[in-house]
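# Mind folding the following:
(chains A and B)
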Amino acid sequence: MKRISIAPRADWAAKVEALGFDWHTASGADGAGTDGAGAYWDESAYWQLTAAEVDILEAATDDLHAMCTAATGYAIERKLLPYFGFSPDMIAVVEDSWANRKTEPSVYGRFDLAYTGGEHAPKLLEYNADTPTGLYEASVVQWTWLEERFPDHDQFNSIHEGLVAAWGKVKQQLKNSSASDALHFTCVMPHAEDEGTLRYMLDTALEADLSGKILNAADIGWTTPEDAHPSSLDGEFVDADNQTISTLFKILPWDWLLADKFGPALAHAVMHRRLNVIEPAWKAVMANKAILAVLWEMYPNHPNLLPAFMDRRAFPKGSKVVAKPLLGREGANISIAELGDDGAVVGGPIESLGGAYGDEGYVYQALAPLAESTDAAGHTHRAIIGSWVIDHTSRGIGIREDTNLITHNRSRFVPHLFTE
Amino acid sequence: MTIMNTTPLRKSRSARKSRYVSVLLAGAAAVALSACDDGTNNMSETIYGDTTTCAQDFGSQACADAQNAAKAEHIQQAPKFATKEECEAAGFSACEVVPAGTAVTNADGTQTQQASSGGGMFMPMMMGYMMGRMMGGGMSGPARPVYANRDGYLYTGGTNVGRVAPGTTSLSGSRVAMRAPERGGFSGSANRFASGGGS
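The predicted structure follows:
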């Protein structure tokens, strides 16, 4: 696995915009990318992998998904969810969803892996199993880049085909439960990246002969029958046109939705099978960082796992560990430090990011080396592998880069290819 | 741990640009209300439980005719069951006696005239009828009978066309009498965290 610098296509911005990729530039990026300022999509370099490395990533992804599924069942059965920072309502919805998982559609998730290439085992950093983004750039934008720049090379990427097939399965599941095949797709608006992800998801669903509509989460309505008590939970969610929402794809975390005002109505609707939600609630268990400690307890010393504990005193003196808030997203509130006696931090954090998370608790994970490369300008780029699971199967990767150790929501997306 | 997928699927030369761009340009696609709407004729469909609500859209004579036509089709085409229990077991929310004199098609293709009294057969209750309205305002095609299953899903001709509260046995009065929706109940956390929900 190596990083190769290359001149970007002169008209790269116009080319990716023509694909509908309108969030290619983001203020807050580290300035080491294509335009030296705010590029999120960064084609001033690409990562070249070998077919053997792709095989290693694919196998690790499938194994990790199976392990995370087992760990979710383990955490539910052993009543560990209170340690995940979940509310009692959230736990009830998760348990119900897990019991019903054979009929609840699950479409996608993205592992973040530390991988230094060659025979080294990829290491699980986290599993974005509830609200993953970075999808369209991995599935479509880097593919069109490959077709134009390296048409004779290959890319670990059948994400698009996987999504269409996954939606086909959703269509069948909805048919089996006599539910409408009209879907609603929602996120908080305005938000260029999340809205773009919704448009792409809608498009792949349409390709699978479903129908769908995008709406702002703020426009979701809750209505009750006129002859029921106004606080009755026997109502329904509707869109801006007052059409019933029967299946909702959301880029909103379950813990947010259930904590919000409509949370009790949402819990009632999903537990009474009046509303399907994609991803289903049990995926929030895998998305919670506490799963890292559960995995290490179940599969100690597994080559794809890093030591992880809820109590940092479990680490020997001198360990470098990463503190991750249980419900954190996009690198927020993550810090890296060296531990001394009894888990005490030696000196200050090596690196840390701010944010609004952490009240729910932390998990501590051993620091893993990332793939690194120093370019001609002297920037050292650190890469993590975003490995996509579509319908429970490994389907491709998207690589994120930063000059910092902690990858965050403005870290650059750099395309990849592989050679035999 | 076994490797679940042994077939490499990582390469494809399919048309990856797909319809994404056109969806983007067109804005959000509309939820199709029925399978027969092919998206080209801009037809909207409404389900009516009685003629009063319908009359506001199409006029009372047209609605009475439409309802009668749907009822006639309903009596002829609705699945028939020997007992009410069998009818309900098939998933319908409510079942009724097949009217006396109705010709029932047997499994062998022969027809039996339903007896005038006693020992009658059963069929799902017609919840209402669905009518299409063309872009210009006129009626499109004949009205079709609408049925509800146990979970409140509404069907016509095998196509799901909507949903009401489970256990609803009549759409009379309006499609469903619901309060004006309250909105904004999923915005609190996003405001608190000042971010989208992606990860």
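# A:Ala284 and chain B, how far apart?
11 Å (Cβ to the nearest Cβ, to the nearest Å). The way it works is simple: take the backbone N, C-alpha and C, and place the C-beta from them, glycine included.
# Surely that residue is in contact with A:Trp98?
No - using Cβ atoms under 8 Å, A:Ala284 is not in contact with A:Trp98; the gap is 10.5 Å.
# okay, the two: which has more neighbours?
A:Ala284 (26 against 19; other Cβ atoms under 10 Å in any protein chain shown).
# for that one, what are its contacts?
A:86, A:90, A:94, A:129-130, A:253-255 (Cβ atoms under 8 Å, 6 or more residues apart in numbering or on different chains).
# out of these, which is most surrounded?
Counting neighbours by other Cβ under 10 Å, A:Trp254 comes out on top of the contacts of A:Ala284 with 30 neighbours.
# In terms of helices and strands, where is the residue nearest to that one when sequence neighbours are not counted?
Distances taken as Cβ to Cβ, 6 or more residues apart in numbering or on different chains place A:Ala284 nearest to A:Trp254, at 4.1 Å, with adjacent residues excluded. Using DSSP states H and E, A:Ala284 sits within helix A:283-287.
# so, in contact with chain B or not, the helix or strand just after that helix?
For helix A:283-287, the following helix or strand on the C-terminal side (DSSP H and E) is helix A:290-298. No - Helix A:290-298 lies apart from chain B when judged by Cβ under 8 Å from any Cβ of the partner chain; the minimum separation is 11.1 Å.
# Low-confidence bits of the chain, can you list those?
Reading this off chain A. Applying pLDDT under 70 to chain A picks out residues A:28, A:34-38.
# The intended chain is chain B.
Along chain B, the model assigns pLDDT under 70 to residues B:1-45, B:53, B:56, B:105-110, B:113-119, B:133-138, B:160-163, B:165-178.
# For chain A, what's the nearest residue on it?
Chain B approaches chain A most closely through B:Pro181 (2.8 Å), counting by Cβ to the nearest Cβ.
# separation between that residue and B:Asp57?
To B:Asp57, B:Pro181 is 22 Å away according to Cβ to Cβ, to the nearest Å.
# Helix, strand, or coil at A:Leu248?
Assigned with DSSP: H, G, I helix; E, B strand; the rest coil, A:Leu248 falls in the strand class.
# re the thing from before, can you give the distance of the helix holding A:Ala284 from its chain's centre?
Centroid separation between helix A:283-287 and its chain, computed with Cα atoms, centre = their mean, to the nearest Å, is 10 Å.
# Render the CA-only coordinates of it in PDB, please.
Extracted in PDB, the C-alpha atoms of helix A:283-287 (Å, rounded to 0.1, in the frame of the first residue of the first chain):
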ATOM      1  CA  LYS A 283     -27.200  -1.300  14.400                       C
ATOM      2  CA  ALA A 284     -26.700   1.400  17.000                       C
ATOM      3  CA  VAL A 285     -25.100  -1.200  19.300                       C
ATOM      4  CA  MET A 286     -22.400  -1.800  16.800                       C
ATOM      5  CA  ALA A 287     -22.000   1.900  16.200                       C
END
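# ok, back up a step: just the closest of the contacts of A:Ala284 to chain B, please.
For the contacts of A:Ala284, the minimum distance to chain B (Cβ to the nearest Cβ) is 5.2 Å, reached by A:Pro253.
# Whichever strand or helix holds A:Glu401 packs against which elements?
Assessed by DSSP H and E, A:Glu401 sits inside strand A:393-402. Judged by 3 or more Cβ pairs under 8 Å, 6 or more residues apart in numbering or on different chains; DSSP states H and E, strand A:393-402 is in contact with helix A:51-77, helix A:159-176, strand A:380-390, strand A:412-414, strand A:416-419.
# Could I get the buried residue list for the longest strand along chain B?
For chain B, the strand reaching the highest residue count under DSSP state E is reported as strand B:139-148. Across strand B:139-148, burial judged by 16 or more other Cβ atoms under 10 Å in any protein chain shown covers B:139-140, B:143-148.
# Pipe those into JSON lines and attach distance to B:Val104 per row.
Converted to JSON lines, the buried residues of strand B:139-148 look like this (distance: Cβ to Cβ, whole Å):
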{"residue": "B:Met139", "distance to B:Val104": "30"}
{"residue": "B:Ser140", "distance to B:Val104": "31"}
{"residue": "B:Ala143", "distance to B:Val104": "23"}
{"residue": "B:Arg144", "distance to B:Val104": "21"}
{"residue": "B:Pro145", "distance to B:Val104": "17"}
{"residue": "B:Val146", "distance to B:Val104": "21"}
{"residue": "B:Tyr147", "distance to B:Val104": "18"}
{"residue": "B:Ala148", "distance to B:Val104": "22"}
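# what's the angle between the longest helix anywhere in chain B and strand B:139-148?
The longest helix of chain B (DSSP state H) is helix B:60-77. Here the directions of helix B:60-77 and strand B:139-148 differ by 50 degrees (axes from the mean of the first three to the mean of the last three Cα atoms, to 10 degrees).
# Give me the buried positions along helix B:60-77.
Of all the residues in helix B:60-77, those buried under the rule 16+ other Cβ under 10 Å are B:62-63, B:65-67, B:70, B:73-75.
# and if you look at stretch A:137-157?
A:137-146, A:150, A:154-157.
# Please list the outside residues in contact with it.
Counting by Cβ under 8 Å, 6+ apart, stretch A:137-157 makes contact with A:6, A:9, A:15-16, A:19, A:21, A:24, A:41, A:43, A:49, A:51, A:54, A:57-58, A:159-160, A:163, A:200, A:386, A:388, A:395-398, A:413, A:415-419, B:10-11, B:16-18, B:20, all of which sit outside it.
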